[in-house]
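In: Sharing a model prediction with you, sequence too.
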Amino acid sequence: TQLLEQSPQFLSIQEGENLTVYCNSSSVFSSLQWYRQEPGEGPVLLVTVVTGGEVKKLKRLTFQFGDARKDSSLHITAAQPGDTGLYLCAGVSAGGTSYGKLTFGQGTILTVHP
Amino acid sequence: DAGVIQSPRHEVTEMGQEVTLRCKPISGHDYLFWYRQTMMRGLELLIYFNNNVPIDDSGMPEDRFSAKMPNASFSTLKIQPSEPRDSAVYFCASSLSGYLNTIYFGEGSWLTVV
C-alpha cells in the first residue's frame, strides 16, 4: 500500500509570513498533485508535478517534486488570509490496475490570521 | 458548465437505515470516482468507474456498501444498513480519460448516522 505523509498537520500563521508544507512517501509515484479544499467544498486541483526535481510556481505558491519522486513540498510566500484552507497532496500511480489512482495524504490545515 | 452535482448535501439518518447518495458527473467525462473523507482517515477512494464499468472497488469498506453507474450521467452509492462509523463526507468526482487529466470533485454529501 502506498502511503503519503503530510506535515505539519496544522499550521497557524500571521499574514505576510512564509510557510512550507511537506509530503513524503516511501513509494515512488509517477506524478504528484496538490489540492486545496475550503470548508463545505470539494478539493480543487492546484498543480501536477511530473518530473523528478520539477519546480512549478503559481503566483505566491511554489511546488517542488523530489528528485526520486517520493516527496514534494508546497511553499507559500507572504501568506494571505485567503490562503486559509486544507492542502492535500496526492500521489498518482502509473502501473497496472492502479493506473491513474490517487493516494491522498492526510492534509495540512492552514490558517492565516490577518 | 455545471460541475459535478451531488445530492443530498446533508443527510442525518438512524443506524440501520438505507442511505443512497447520488452523483451527476460532468458531461463527457468517462471516469467517475467515489471518495470518503473523515478526520481520522483523510480522503479515501472507495470505487471508480470507467465508461460506466466498475474498475476498482478495493476501497469499498464492506458488503454494506454498493455503487452503481447505470448510465454516463448518473451514479449512486448505497449503504445498507448504515452504521454510525459510516458518518463522513462522501465525494463524487469525475474526469476525462488520459493520464494526468484533472479530477473535478463535487461539493460532497455530509452523512451523519446516529
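Out: Received the coordinates, thanks. Numbers count the residues shown, from 1 in each chain, chains lettered A, B, ... in the order given.
In: Just checking, which helix or strand of chain A averages the lowest pLDDT?
Out: strand A:102-104 (a mean of 87; mean pLDDT, DSSP states H and E).
In: Okay, buried residues for that strand please.
Out: Neighbour-count burial for strand A:102-104, counted by 16 or more other C-beta atoms under 10 Å in any protein chain shown, picks out A:102, A:103, A:104. Heads up, the C-betas are built off the backbone N, CA and C, glycines and all.
In: Please apply the same query to stretch B:78-86.
Out: For stretch B:78-86, by 16+ other C-beta under 10 Å, it's B:79, B:82, B:86.
In: Could you find the closest non-adjacent residue to the first one?
Out: In space, and not counting its chain neighbours, residue B:79 is closest to residue B:19: 4.5 Å by C-beta to C-beta, 6 or more residues apart in numbering or on different chains.
In: quick one: pLDDT of residue A:2?
Out: Model confidence at residue A:2, given as pLDDT, is 66.
In: ugh, wrong one, residue A:51
Out: Model confidence at residue A:51, expressed as pLDDT, equals 89.
In: Take the buried residues of strand A:102-104 and write them to TSV, including distance to chain B.
Out: Shown next, in TSV, are those (distance: C-beta to the nearest C-beta, whole Å):
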residue	distance to chain B
A:102	7
A:103	8
A:104	4
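In: quick check, nearest of the residues you listed to residue B:95?
Out: residue A:102 (10.1 Å; C-beta to C-beta).
In: Touching, the closest one and residue B:42? I think so.
Out: No. Checked against C-beta atoms under 8 Å, the pair residue A:102 and residue B:42 is beyond contact range at 11.6 Å.
In: per-residue pLDDT, residue 22?
Out: Answering for chain A, as no chain was given. Looking at residue A:22, its pLDDT reads 97.
In: I was after chain B.
Out: At residue B:22, pLDDT is 98.
In: Residue B:82: what's it in contact with?
Out: Applying C-beta atoms under 8 Å, 6 or more residues apart in numbering or on different chains, we find residue B:82 in contact with B:13, B:14, B:15, B:16, B:17, B:18, B:19, B:64, B:111, B:113.
In: Pull the contacting residues for the fifth one.
Out: When the contact criterion is C-beta under 8 Å, 6+ apart, the partners of residue B:17 are B:81, B:82, B:113.
In: now swap in residue A:38 and tell me
Out: Here residue A:38 is in contact with A:85, A:86 (criterion: C-beta under 8 Å, 6+ apart).
In: Check the gap between it and chain B for me.
Out: Applying C-beta to the nearest C-beta, to the nearest Å, the value for residue A:38 to chain B is 10 Å.
In: Could I get the buried residues of strand A:102-104 in TSV, plus columns for distance to residue A:85?
Out: Conversion of the buried residues of strand A:102-104 to TSV gives the following (distance: C-beta to C-beta, whole Å):
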residue	distance to residue A:85
A:102	18
A:103	20
A:104	15
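In: average pLDDT across stretch A:83-95?
Out: 88.
In: How about that stretch, which residues are buried there?
Out: A:83, A:84, A:85, A:86, A:87, A:88, A:89, A:90, A:91, A:92, A:93.
In: Out of those, which are close to chain B?
Out: When C-beta under 8 Å from any C-beta of the partner chain is applied, the members of the buried residues of stretch A:83-95 adjacent to chain B are A:88, A:92.
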